[in-house]
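> I need the structure of the sequence given here:
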Amino acid sequence: MNQLYKFFLDETERIFNETKSACDNRISKVRKGYPIHSDILRELNARELDIEGQLYQKSIDRFFREMEKDYYLNSELTQETAFLNCCVKLNITNDKTAITLLADYKSNENLQSYYREELKNKSLTNHNLEGEIKGNYHNNYWIGQNETEIIQLLYALIECGRLEKKGKIRMVESIADFLGFKLTNDWKSKLSHAVHRSNDDTNPSVFDELKNGWENYKNRKIQELNSKR
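I've put the predicted structure just below:
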């Protein structure tokens, strides 16, 4: 195994184990019923944004997307080769700080997956913790109040090929539940009613807001990064 790739894997494992040990220690001390997993996942998400900013500063924020693209476009490549090719392309083969930063990002991604799965399993094995997964964790995500708006948004993503069409009704209900928005029993009727109405209020404001949302986020992050230099 190439030493650079081994260093990346070792750092990813080290950071994962150290962070997990600290998180598990916190979990072991909390009182029953407290949504500690929610806290941990929010912190990991905030950490992810911080790492993304550091990756951007080093111009390697697209590393994993480029690596994944190369890997899937060429069936002869291994994960290791795709990683090393990306390092050469971005000129970081001798930059261990950059490699450690990439390992930090990957370990954070793995930790989020781990604690999401743990929270899911916890809810399945202990019905009393349903409030943690539905009330305290997922409800922190979707803060909109319009039921038709979230359905229209999901159906738009399905129609433009970003979400799978097969099993879309169950999928829409699952996504809404994951986001903490409990759909009413007649949500499909409301969607049908919106489809057959022609006035402007059937188009939720979120569609117009999405047009500028990414630009606003990007400009804010660039300003934040520039202010640190």
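
> Please count neighbours and contacts with C-alpha atoms only from this point.
Noted.

> tell me the mean pLDDT over the strand or helix carrying I15?
Using DSSP states H and E, the element containing I15 is helix 3-29. Confidence for helix 3-29, expressed as mean pLDDT, is 93.

> Would you tell me what the next helix or strand after it is?
With DSSP H and E, the next secondary element past helix 3-29 is helix 36-57.

> Pull the distance from that following helix to the chain's centre.
10 Å (C-alpha atoms, centre = their mean, to the nearest Å).

> Determine the angle, from 0 to 180 degrees, between it and helix 3-29.
Calculated by axes from the mean of the first three to the mean of the last three C-alpha atoms, to 10 degrees, helix 36-57 forms an angle of 150 degrees with helix 3-29.

> Any chance you could list what contacts helix 36-57?
Contact partners of helix 36-57, identified using C-alpha atoms under 8 Å, 6 or more residues apart in numbering, comprise 23, 26-27, 30, 61, 98, 101-102, 104-105, 108-109, 111-112, 115-116, 119, 132, 136-137, 221, 225.

> Okay, strands next: where are they in the protein?
For the chain, strands defined by DSSP state E do not occur.

> okay, now the domains of the protein?
Per automatic domain parsing, the structural domains of the chain span 3-140, 147-228.

> So for D201, what's the pLDDT?
Note for D201: predicted pLDDT of 55.

> In the chain, where's the longest helix?
Looking across the chain with DSSP state H, the single longest helix is helix 96-125.

> what packs against that one?
Helix 96-125 makes packing contacts with helix 3-29, helix 36-57 when contacts are defined by 3 or more C-alpha pairs under 8 Å, 6 or more residues apart in numbering; DSSP states H and E.

> if we can go back for a sec, now do the helix holding I15: which elements does it pack against?
Applying 3+ C-alpha pairs under 8 Å, 6+ apart, we find helix 3-29 packed against helix 36-57, helix 79-89, helix 96-125.
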